[in-house]
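> Sharing a model prediction with you, sequence too.
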Amino acid sequence: MTKYTGEKMEEDTSEEKKTIASRGVPSSESLYLPPHYSEELRNFQDKEENPTRNTWKLDEIMNFVFSKKYQTKYYETALAFMKMMEEKTVLDGSGIADFVANNNISKATFYNRVLPRLKRIGMIKIERDTIIALESKRKFRPMRISLSKTFGNYLTKIGDSWLAVIDDARTRKRE
């Protein structure tokens, strides 16, 4: 706090408050959630807030991970990769390299941005096998990627927990 003492301005350090600057949630750790009434989303509930039976397609789901609106290149790359994963369910290192080369995708974009986020949020599982070559005794760890249910389980747990909170609150209010 600065105060005027008659002749000059002086810093008053007696009551300084120390706070941590908030920089928000890092983009690598966030999902894109447009407003529930947005034109971007197909209806998922009726007027009584009951879920509808229609499901979102892969392109609609990927929009929550990489926003089509704000991260177009990542969205397109992730969507193409997940469509391929949907067909094959498991890929080895050479299959991944072929995907990157055949789709003219930047290795940096794929390996540093897209793949880590898909893994972090639980859409894919990355496993590595340690293999030791007999002739050279050199170790190498080939990558194997498979689809994972963790993303769905994670969001289902959040959703079910929220519904339980609402049901408990409404039950207590009635009593």
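Now that the structure is in, tell me what you want to look at.
> Where does Phe99 fall, secondary structure wise?
Element membership of Phe99, judged by DSSP states H and E, is helix 93-102.
> So Asn112 versus Thr150, what's the distance?
Separation of Asn112 from Thr150 (C-beta to C-beta, to the nearest Å): 21 Å. (C-beta placed from N, C-alpha, C; glycine too.)
> ok, now Lys119?
10 Å.
> can you list residues touching both of these two?
Taking C-beta atoms under 8 Å, 6 or more residues apart in numbering as the criterion, Lys119 and Thr150 both touch Lys125.
> and Lys139, how many neighbours?
For Lys139, the count of nearby residues is 9 (other C-beta atoms under 10 Å).
> show me the contacts for the nearest residue to Tyr75 once chain neighbours are set aside.
Leaving out its chain neighbours, the residue that sits closest to Tyr75 by C-beta to C-beta, 6 or more residues apart in numbering is Phe66, at 4.0 Å. Each residue near Phe66 by C-beta under 8 Å, 6+ apart is listed here: 32, 74-75, 78, 114, 117.
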